[in-house]
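> Below is the sequence, then the predicted model.
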Amino acid sequence: MSGNGLAMLAILPGIIIIIYIYKKDKVEKEPWRLILKLMFFGALSCIPASFMESVIDGAMPNYPEGSLAYALSMAFVSAAFCEELCKYAFLRFGAWRNPEFGYRFDGIVYGVAVAVGFAILENVLYVTQYGFYTGLVRAVMAVPLHAFCGVFMGIFFGAAKQAQVKGKGTLKFTLLALIVPMVIHGIYDTLAFLGNSTASIVLLAFVVLMYIVSVHFIRKFSRDDWKSGFYPETQPLSGAGGAGQEGPQGAGFGGPQGFQGAGFGSSQSSRPRGGSRQAGAGFRAYPGQIQDGKIILLCPQCHGGLRVPVGMGRVRVRCPHCGREFTELT
């Protein structure tokens, strides 16, 4: 196969994975510029990871290749620890403070983007050196392995961010964002380094299991993303103004300009997605108002407000407060 063909074989699996994850992001899709930046950061993380691995490899005892001690030390102490630590460091640097980071599933998108960036560069190096068969095997084994690690790193990375927004500790989720991918990566590499037929069969079964488990969690977090925003945007609009103040449609929104009560503008409960405003800054909102390119709609069932991109015409939306679906013109 030509050099261009091998390069495409090395890159394509990662591209397919990131497109799949992007399509599963149902609430305010992440901008491609951010995804591509994180993929680039993931590729960059190969550099410190390779340096760390070379230092650790040189310091470890010379266990015979194929032995369990060799497989465990190379898999967990060298590869899994160094690679997942570096991927997490670049993920944290590239996404933690980004204003787009506002939902749990965003963490999965970011984690997979960094993992896929790492996997693509690593795959290019392997495939150009060892050829077509290696590229074929890695397309269904090694590249998805990095993505699996990215999924679980992203789940706990998102949980850590959500905890921070709520003023809670992040250490537990940060450690899980590191340890769970390291364990997944370490098990995979241990079986690969053992290199015998039994280990190869177990490795294949492990990869199939990880496909099933990862897809399950991707679908779960994608489905539940409506109710996992860090900065609540759906709050009861009625009764939020002062007593006796009548807003649009006489619903008591605190005057014709909107309100600053128990929903939007509350220092305890509301902030627009992405943290573009500081908690406690306050801002006015009322049904039909346009803010930051989004229109505020009112749920006919629970009277909660939600923000939807403006200019999409007539759309069917689901209220993240009560789950009611309704049609509105944007």
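Perfect, I can see it now. These figures come from a predicted structure and were not determined experimentally. Residues are numbered from 1 along each chain as shown.
> Let's see the pLDDT reported for the residue most central in space within the chain.
The residue lying closest to the centre of the chain (C-alpha atoms, centre = their mean) is Ile108, at 1.9 Å. Looking at Ile108, its pLDDT reads 98.
> Can you tell me how far it is from Ser222?
Counting by C-beta to C-beta, to the nearest Å, the separation of Ile108 from Ser222 is 8 Å. C-beta coordinates here come from the backbone N, C-alpha and C atoms, glycine included.
> give me the element the residue nearest to the centre of the chain is part of.
Taking DSSP states H and E as the definition, one finds Ile108 inside helix 104-130.
> same check, this time on Leu176
Using DSSP H and E, Leu176 sits within helix 171-194.
> quick check: angle from that helix to helix 104-130?
20 degrees (axes from the mean of the first three to the mean of the last three C-alpha atoms, to 10 degrees).
> So which other helices or strands are in contact with helix 171-194?
In terms of contacts (3 or more C-beta pairs under 8 Å, 6 or more residues apart in numbering; DSSP states H and E), helix 171-194 is packed against helix 68-72, helix 81-95, helix 142-165, helix 197-223.
> Could you look up the SS state of Asn62?
Secondary structure for Asn62, judged by DSSP: H, G, I helix; E, B strand; the rest coil, is coil.
> Return the backbone torsion pair for it.
Main-chain torsions, Asn62, degrees, to the nearest 10: phi -90, psi 80.
> per-residue confidence at it?
pLDDT for Asn62: 91.
> Mean neighbour count, the helices and strands packed on helix 171-194: which tops it?
Per residue and on average, the most neighbours among these fall to helix 142-165, with a mean of 25 (mean count of other C-beta atoms under 10 Å).
> Packing partners of that one?
Helices and strands touching helix 142-165, by 3+ C-beta pairs under 8 Å, 6+ apart, are helix 3-24, helix 81-95, helix 104-130, helix 171-194, helix 197-223.
> Just the C-alphas of the first one, formatted as PDB.
Think helix 3-24. Coordinates of each C-alpha in helix 3-24 appear next as PDB, following Å, rounded to 0.1, in the frame of the first residue of the first chain:
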ATOM      1  CA  GLY A   3       2.300   6.000   1.900                       C
ATOM      2  CA  ASN A   4      -0.900   8.000   1.500                       C
ATOM      3  CA  GLY A   5      -3.000   4.900   1.800                       C
ATOM      4  CA  LEU A   6      -1.200   3.900   5.000                       C
ATOM      5  CA  ALA A   7      -1.600   7.400   6.400                       C
ATOM      6  CA  MET A   8      -5.300   7.300   5.700                       C
ATOM      7  CA  LEU A   9      -5.600   3.900   7.400                       C
ATOM      8  CA  ALA A  10      -3.800   5.300  10.400                       C
ATOM      9  CA  ILE A  11      -6.000   8.500  10.700                       C
ATOM     10  CA  LEU A  12      -9.400   7.200   9.600                       C
ATOM     11  CA  PRO A  13     -10.300   5.200  12.700                       C
ATOM     12  CA  GLY A  14      -9.800   8.200  15.000                       C
ATOM     13  CA  ILE A  15     -11.800  10.500  12.700                       C
ATOM     14  CA  ILE A  16     -14.700   8.000  12.700                       C
ATOM     15  CA  ILE A  17     -14.700   7.800  16.500                       C
ATOM     16  CA  ILE A  18     -14.700  11.600  17.000                       C
ATOM     17  CA  ILE A  19     -17.500  12.100  14.500                       C
ATOM     18  CA  TYR A  20     -19.500   9.400  16.400                       C
ATOM     19  CA  ILE A  21     -19.000  11.200  19.700                       C
ATOM     20  CA  TYR A  22     -19.800  14.600  18.100                       C
ATOM     21  CA  LYS A  23     -23.100  13.300  16.800                       C
ATOM     22  CA  LYS A  24     -24.000  12.000  20.300                       C
END
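> what about Cys134, how many residues close to it?
Slight slip there: residue 134 is Thr, not Cys. Using other C-beta atoms under 10 Å, Thr134 has 18 neighbouring residues.
> so which helix or strand takes in it?
Element membership for Thr134 (DSSP H and E) is helix 132-140.
> Buried ones in that helix, by neighbour count?
By neighbour count on 16 or more other C-beta atoms under 10 Å, the buried set for helix 132-140 is 134-135, 138-139.
> cool, stretch 298-308 as well?
298-299, 302-307.
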